[in-house]
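Enquirer: Sequence isn't available, so here's the structure alone:
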């Protein structure tokens, strides 16, 4: 079955404070986003790769690819205002009825093994996402204040989130809601059950300057 | 009002793989636990400090303190099998009716400001804990599979957890339960409401080798 990865790098990187969006910041000699793209290419060299970027970053990205002699073939698609718009734009570029992974551009540490396991589970169950245990105690705010949740029942969601291509496209036909958190939630609204795959502790989302240092250590 | 900090360093450090428990591992030239103790001493030099350690670590700790010329005055109390037993042991050493902070020995990055704000809130409201927003999407397992939780309502709990001393002692008169997660939950079972204080992103709990590297960067 044909496999496509939509790698979402729509963020402006403002959280890192610098003028360079975080997906373009250099880790171990090259931009974070290149590590992420390579992880998918390494897992399956035949996989189609769609990278979603803000349109204003197209030229920077092109220049970076040339400068770093980054030759892994990929399509570039213009993202939108929010993640929802970016993933929708990416999903509209997916051809055929294969499997699609949606992955954060700033999760460069995903392993080939995890990518394969998520695709395999989605192939069987139509929708699959990687999850890991939640480390800290978690509370939920309530009208009266807050209450402790049972941590043993909680899971933190990672990417790649994998789906049958037609299911993902159908999920994005639903109207946009500001409460959107991830693709799995959208797919569930169609009544489809999402399978859980064991994620990886190291598959971190690089969102802060400290995370950049951790990525540097782990890559 | 008298202030005491119970610093819990009962862990055997097995998660780090080495023979040295993590609270004794060296960060920036000295054991992690010394940084944590110093953070409380710096916040208030008059604060009474109780360090809870496994009895088999007493000699190592004494030797480390001598070797590092670590002269901040503190009492050492023998911990128990689980965190519950260790905090209970510490709470039994607290004298008088002041305020008590319970803090993870492996959270060396806590700021003086956060310590003061937690004590201040506990002084007013009897019980206060620091919380931070939850970064990843969170799911809860259910009988049918799992469901997404509303992340905007979730909070990750940190330490120091601060209480009126008599309240903490009373909380630990309740029978031990294996589902114990933190002191705040125990106190709530007495019908006391726990106030929430804004925590700190950098106030990480050092539990893995990667966390040690992050602590090294941040200290």
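Expert: Thanks, I have the structure now. All figures in this text were calculated on a predicted structure; none of them were measured in a lab.
Enquirer: which residues does the closest residue to residue A:44 other than its chain neighbours contact?
Expert: The spatially closest residue to residue A:44, leaving aside those adjacent along the chain, is residue A:3, at 6.0 Å (CB to CB, 6 or more residues apart in numbering or on different chains). For glycine as for every other residue, the C-beta is placed from the backbone atoms N, C-alpha and C. Shown in contact with residue A:3 (CB atoms under 8 Å, 6 or more residues apart in numbering or on different chains): A:44, A:46, A:47, A:48, A:98, A:99, A:100, A:101, A:119.
Enquirer: And the buried ones among those residues, selectable in ChimeraX?
Expert: To isolate the buried ones among those in ChimeraX, judged by 16 or more other CB atoms under 10 Å in any protein chain shown, type:
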select /A:47,48,98,99,100,101,119
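Enquirer: Just the contacts of residue A:3: which are in strands?
Expert: With DSSP state E as the criterion, strands contain A:48, A:99, A:100, A:101 from among those.
Enquirer: okay if I get those residues as TSV plus pLDDT?
Expert: TSV is the format used below for the ones in strands among the contacts of residue A:3 (pLDDT from 0 to 100):
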residue	pLDDT
A:48	97
A:99	98
A:100	98
A:101	98
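Enquirer: quick check, nearest of these to residue A:193?
Expert: Of all those, residue A:193 sits closest to residue A:99, with 16.6 Å by CB to CB.
Enquirer: for that closest one, what are its contacts?
Expert: Each residue near residue A:99 by CB under 8 Å, 6+ apart is listed here: A:1, A:2, A:3, A:4, A:119, A:122, A:123, A:162, A:163, A:164, A:165.
Enquirer: The longest helix along chain A close to chain B?
Expert: Ranked by residue count under DSSP state H, the longest helix found in chain A is helix A:112-125. No - applying CB under 8 Å from any CB of the partner chain, one finds helix A:112-125 separated from chain B by no less than 10.4 Å.
Enquirer: Does that helix pack against any helices or strands, and if so which?
Expert: Using 3 or more CB pairs under 8 Å, 6 or more residues apart in numbering or on different chains; DSSP states H and E as the contact criterion, the elements in contact with helix A:112-125 are helix A:32-43, strand A:99-104, strand A:127-133, strand A:161-164, strand A:195-198.
Enquirer: Check the gap between the residue sitting furthest away from the middle of chain A and residue B:193 for me.
Expert: Farthest-out residue of chain A from its mean C-alpha position, per CA atoms, centre = their mean: residue A:144, at 35.5 Å. Look at residue A:144 and residue B:193: by CB to CB, to the nearest Å, they are 8 Å apart.
Enquirer: next one: residue A:25
Expert: 43 Å.
Enquirer: got the angle for the helix or strand bottoming out on mean pLDDT in chain A vs helix A:32-43?
Expert: In chain A, no helix or strand scores lower on mean pLDDT, DSSP states H and E than helix A:209-218, which sits at a mean of 88. Helix A:209-218 runs at 40 degrees relative to helix A:32-43, counting by axes from the mean of the first three to the mean of the last three CA atoms, to 10 degrees.
Enquirer: So which elements touch helix A:209-218?
Expert: Counting by 3+ CB pairs under 8 Å, 6+ apart, helix A:209-218 packs on strand A:26-27, helix B:209-218.
Enquirer: contact partners of it?
Expert: A:16-17, A:22, A:25, A:27-28, A:32, A:108-109, A:202, A:204-206, B:202, B:210, B:213-214, B:217-218.
Enquirer: Swap in 10 Å and give it another go.
Expert: A:15-18, A:22, A:25-28, A:32, A:35, A:106-109, A:201-206, A:208, B:135, B:201-202, B:204, B:209-211, B:213-214, B:216-218 (CB atoms under 10 Å, 6 or more residues apart in numbering or on different chains).
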